[in-house]
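Student: Give me a model of this one.
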Amino acid sequence: MNSYITGTTIKRLREAKGLTQTELAEKIGVGSKAVSKWETAKGLPDISLIEPLSKALGVSVMELMSGDPVTNKNVSSNILRSKFYACPVCGNVVHAMGDAVISCCGVTLPPLDADEPDDLHPVTVEKVEDEHFITVHHDMTKTHFISFIAYISYDRIQFVKLYPEGNAETRLHLYRNGCLYIYCNKHGLMKIKI
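Tutor: From the prediction side, this is the model:
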């Protein structure tokens with residue numbers, strides 16, 4: 001995702017919508033010269049205009065910021081494209097079923113990238129009756145801990161929030177094919193295919 005909107009993106013979206021620079025300017029309450037400056041890379045829209053600009057161009061803020069149109073072939077979304085976002089300020093965790101623009105505590109959150117667990121985060125999965133007992137062998141101090149364990153299958157998500165000085169373990173129903181996600185507040189998101 002680009003860090004800010006490009007003039008090329010604005011021009012392409014404006015023309016695709018069949019708007020002149022003047023018509024777009026009227027829709028968002030700026031002068032037509034402002035739109036011309038944006039499209040010729042002589043200026044950028046103010047951050048307060050991002051939402052009205054995306055609405056006038058008929059795209060989401062994410063599409064406007066990235067310059068890439070999002071075509072959702074499955075209007076009910078797809079849980080297998082799940083993304084997690086974690087706020088570094090308050091620790092809030094947000095789950096989305098695809099790309100999203102998420103902010104918390106005044107910070108725009110990037111989606112967490114998932115890696116395979118390393119030697120510092122060994123995971124044990126044991127079958128216990130009709131559930132699985134998941135243990136992450138990890139210290140749970142106030143400054144370094146496992147924040148959550150989640151399991152995503154094709155039709156549901158199970159999410160367990162963990163806290164410092166507790167145990168990094170939980171019981172989940174691991175049925176069908178899916179992925180187990182473990183988030184360490186220092187080392188990031190880890191993913192295990194089940």
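
Student: just the helices in this structure please.
Tutor: For the chain, applying DSSP state H gives helices covering 7-17, 21-28, 32-39, 50-57, 61-66.

Student: could these be laid out in TSV, adding distance to residue 106?
Tutor: C-betas here are computed from N, CA, C, even on glycine. Supplementary listing: the helices of the chain in TSV, determined by distance: least, Cβ to Cβ, whole Å:
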stretch	distance to residue 106
helix 7-17	25
helix 21-28	24
helix 32-39	25
helix 50-57	15
helix 61-66	16
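
Student: can I see the domain layout of the chain?
Tutor: With domains defined by automatic domain parsing, the chain comprises 7-66, 79-193.

Student: In CSV: these, plus mean neighbour count and mean pLDDT.
Tutor: Output for these, formatted as CSV (neighbours: other Cβ atoms under 10 Å; pLDDT from 0 to 100):
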stretch, mean neighbour count, mean pLDDT
domain 7-66, 16, 88
domain 79-193, 15, 91
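
Student: contacting residues around the residue nearest the centre of the chain?
Tutor: Among the residues of the chain, the one closest to the centroid is residue 111, at 3.9 Å (Cα atoms, centre = their mean). By Cβ atoms under 8 Å, 6 or more residues apart in numbering, the residues touching residue 111 are 83, 84, 85, 96, 99.

Student: Nearest spatial neighbour of the fourth one, chain-adjacent residues omitted?
Tutor: Leaving aside its chain neighbours, residue 96 sits nearest to residue 83 (5.1 Å; criterion: Cβ to Cβ, 6 or more residues apart in numbering).

Student: Tell me which two of the contacts of residue 111 sit farthest apart.
Tutor: Greatest spatial distance among the contacts of residue 111 (Cβ to Cβ): 84 and 99, at 12.3 Å.

Student: do you know how far residue 124 is from residue 135?
Tutor: Separation of residue 124 from residue 135 (Cβ to Cβ, to the nearest Å) stands at 5 Å.

Student: can you pull out the strands in this protein?
Tutor: Secondary structure of the chain (DSSP state E): strands at 83-86, 93-96, 102-104, 107-109, 114-115, 123-128, 131-136, 146-153, 157-161, 169-172, 178-184, 188-193.

Student: Mind listing residues that contact the second one?
Tutor: For strand 93-96, contacts defined as Cβ under 8 Å, 6+ apart pick out 82-87, 100, 102, 104, 109, 111, 147-148, 150, 157, 159, 161, 183.

Student: How about the fourth one?
Tutor: Residues external to strand 107-109 that are found in contact with it (Cβ under 8 Å, 6+ apart): 85, 86, 87, 88, 89, 94, 101, 102, 103.
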